[in-house]
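Visitor: Dropping a prediction and its sequence here:
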Amino acid sequence: MADVKLAADEAPILPHRDPTYAGLTAETWARILAPTIIGILALAAWEWVVTANQIPHYILPGPFLVAETLVRDWASLSVSLMITLQITFAALIAAAVLGMGIAILFAQSRAIELSLFPYAVILQVTPIVAVAPLIIIWVDDVRLVLLICAWIVAFFPILSNTTLGLNSADPNLVDLFRMYRANRWQVLLRLRLPTAMPYFLAGLRISGGLALIGAIVAEFVAGTGGRASGLAYRILEAGFNLQIPRMFAALMMISLTGIAIFAVLTLVSHLALRHWHESALKERR
Amino acid sequence: MLPPVVALEGVTKRYANGTVAVRGVDLAIAQGDFVSLLGPSGCGKSTVLRMVAGLIPPTTGRIALAGEGAGDIGFVFQEPTLMPWATTLKNVMLPLRLAGVARAEAEARAAAALASVGLAGFERAYPRALSGGMKMRVSIARALVTRPRLLLMDEPFAALDEITRHRLNNDLLTLWEAERFTAIFVTHSVFESVYLSRRIIVMAARPGRVVEDQPVNAPYPRDEAFRTSAEYAAHCRDISHALTRAMTTHG
């Protein structure tokens, strides 16, 4: 082919990089330090209130006592944490696979989407605590009950986001694919799924937290007992025994788990989209 | 004269909402020609182009194309219309991959197409890292990678600044002279149409129809000297008058 030359001034202006301090930009440091300082201040205030007012630890334990309990009870609590994590991740993976799968099914035909989507909505809007007793009756294995409940809660954001994403392809690109006589499969793989990826990942981030909530709530309703129980049961148990510091310790583990899930999924989303999607790009100032 | 590559006979397009986009268009475009469709917005020039591309069917009339098969037609949209998740190379490979060309061969041909539009070395760049003009170059490379016989362009440079547009006009002509595809170029710029074309079809709106068909008998290669010549100015004046007449007559 005949080659033409590109003028130098037609090339793009490369984004400028902010200076870094110990590998992180000033903004990243602010993002880390500001909430940390607030957290330390809040914990200090909490400890002070408990000590100054001599609040008994069965009403409100101070943060030091909670941390101490967390370390002391780590052996028994970490077993429960693992069980809750297993259920959460199994539910999240099932929600991702089935949510994506059903969204792809919806994308194949408007008729399928119109007929089935309302039922997905019903599944979502019915409170899980109201459905759980039914599932307990139908399913013998308690772990499976928890998994189903967590899945129901986590499934919808992925389905609805991915469905939206699959239907958001650039109409000009759709025309282009048509012009080159792409088949349905090629359009799905090369156009619709990549378009849906940011939507799917946003759904996944919401569902990660919801799967954990679902796993905890379901355990409150279903109960498990014995050594094979998750963190929710540990909270109930500690409540009955008035071991309030242990309740707080378990609660803290749940919160930290939720934060960790969110952080990991945010990282996954950023890594997957960093080359191209606006959400993963730094704002221009 | 060579047989026409594209022939429209009595083509009318009425959209579902009742709007008549074009009415009674007869048009024959010769092999290797560079034809501009020029007219105000709403004159149906894009509709004609999309019908030629096979994206929408005419309501009545016939459109005949010489040659059939995916890849015989290249299309350049008003926007670059690139896949943002794919590198420029992958974007240009798309038509070949959709046609089942093996990856290695598709890569080589796409790289050559990118080089031909001046983008050698940008194979691994993502679209967001490119300037507007460069994105349009990728879009042209993608349209040409299948070596189409017919290149359809729908106001491709309308969103670019004038200096970039002039450069892309020149580069497009260089490619056209080398590859000898037939070009149909939709524009609302008199100057651009005169600079590029051998033939200008002037269209009028409400309903969209062809009102003038004028040759631009200036030799190629055309360059910046042509842009400042008296001949170019005279052609622009003629076409401007034709366009004014088109906008004042009603059908």
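Guide: Ah, there it is.

Visitor: Just give me the residue right at the centre of chain B.
Guide: By Cα atoms, centre = their mean, chain B has its centre lying nearest to B:Met153, at 2.2 Å.

Visitor: so how far is A:Ile158 from it?
Guide: B:Met153 sits 40 Å away from A:Ile158, going by Cβ to Cβ, to the nearest Å. In this view, the C-beta of every residue, glycine as well, is placed from N, C-alpha and C.

Visitor: and if you look at A:Leu70?
Guide: 33 Å.

Visitor: Next: B:Leu94.
Guide: Taken as Cβ to Cβ, the span from B:Leu94 to A:Ile158 is 28 Å.

Visitor: Tell me which helix or strand the residue in the stretch 151-251 of chain B that chain A sits nearest to sits in.
Guide: Nearest residue of the stretch 151-251 of chain B to chain A, counting by Cβ to the nearest Cβ: B:Ala178, 3.2 Å away. Assigned by DSSP states H and E, B:Ala178 belongs to helix B:162-179.

Visitor: Adjacent strands (with direction) for the helix or strand that that helix is followed by?
Guide: Where DSSP H and E defines the elements, the next helix or strand beyond helix B:162-179 is strand B:182-187. The pairing partners recorded for strand B:182-187 under DSSP bridges are strand B:34-38 (parallel), strand B:150-154 (parallel).

Visitor: Export those as TSV, with columns for mean pLDDT.
Guide: Formatted as TSV, the strands paired with strand B:182-187 follow (pLDDT from 0 to 100):
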stretch	mean pLDDT
strand B:34-38	96
strand B:150-154	96
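
Visitor: if you compare those strands, which one is most tucked away?
Guide: Most buried of those by mean neighbour count (mean count of other Cβ atoms under 10 Å in any protein chain shown) is strand B:34-38; its value is a mean of 26.

Visitor: what's the angle between it and helix B:162-179?
Guide: Angle, strand B:34-38 to helix B:162-179, by axes from the mean of the first three to the mean of the last three Cα atoms, to 10 degrees: 140 degrees.

Visitor: contacting residues around strand B:34-38?
Guide: B:29, B:45, B:48-49, B:173, B:176, B:182-190, B:192-193, B:196-203, B:239, B:243 (Cβ atoms under 8 Å, 6 or more residues apart in numbering or on different chains).

Visitor: 7 Å instead?
Guide: Residues from elsewhere that reach strand B:34-38 (Cβ atoms under 7 Å, 6 or more residues apart in numbering or on different chains): B:29, B:45, B:48-49, B:176, B:183-188, B:190, B:193, B:196-203, B:239, B:243.

Visitor: who in the stretch 151-251 of chain B is up against chain A?
Guide: Neighbours of chain A within the stretch 151-251 of chain B, by Cβ under 7 Å from any Cβ of the partner chain: B:164, B:167, B:171, B:174-175, B:178-179.

Visitor: pLDDT-wise, what's the bottom of these?
Guide: Lowest pLDDT of these: B:Glu179, 90.

Visitor: Next, the buried residues of stretch A:219-235.
Guide: By 16 or more other Cβ atoms under 10 Å in any protein chain shown, the buried positions in stretch A:219-235 come out as A:219, A:221-222, A:224, A:229-235.

Visitor: same question but for stretch B:114-129, I mixed them up
Guide: Result for stretch B:114-129 [16+ other Cβ under 10 Å]: buried residues B:114-119, B:122-123, B:125-127, B:129.

Visitor: quick one: contacts of it?
Guide: A:1-6, A:12, A:275-276, B:80, B:82, B:84, B:87-89, B:92, B:111, B:134-135, B:137-138, B:140-141, B:171, B:175.

Visitor: tell me the mean pLDDT over that stretch?
Guide: 94.

Visitor: Likewise for stretch A:20-29?
Guide: On average, stretch A:20-29 scores 84.

Visitor: Kindly report the residues of chain A close to chain B.
Guide: Within chain A, the positions near chain B by Cβ under 7 Å from any Cβ are A:1-7, A:10-12, A:170, A:172-173, A:175-176, A:178-182, A:186, A:194, A:275-276.

Visitor: Brilliant, that's me finished.
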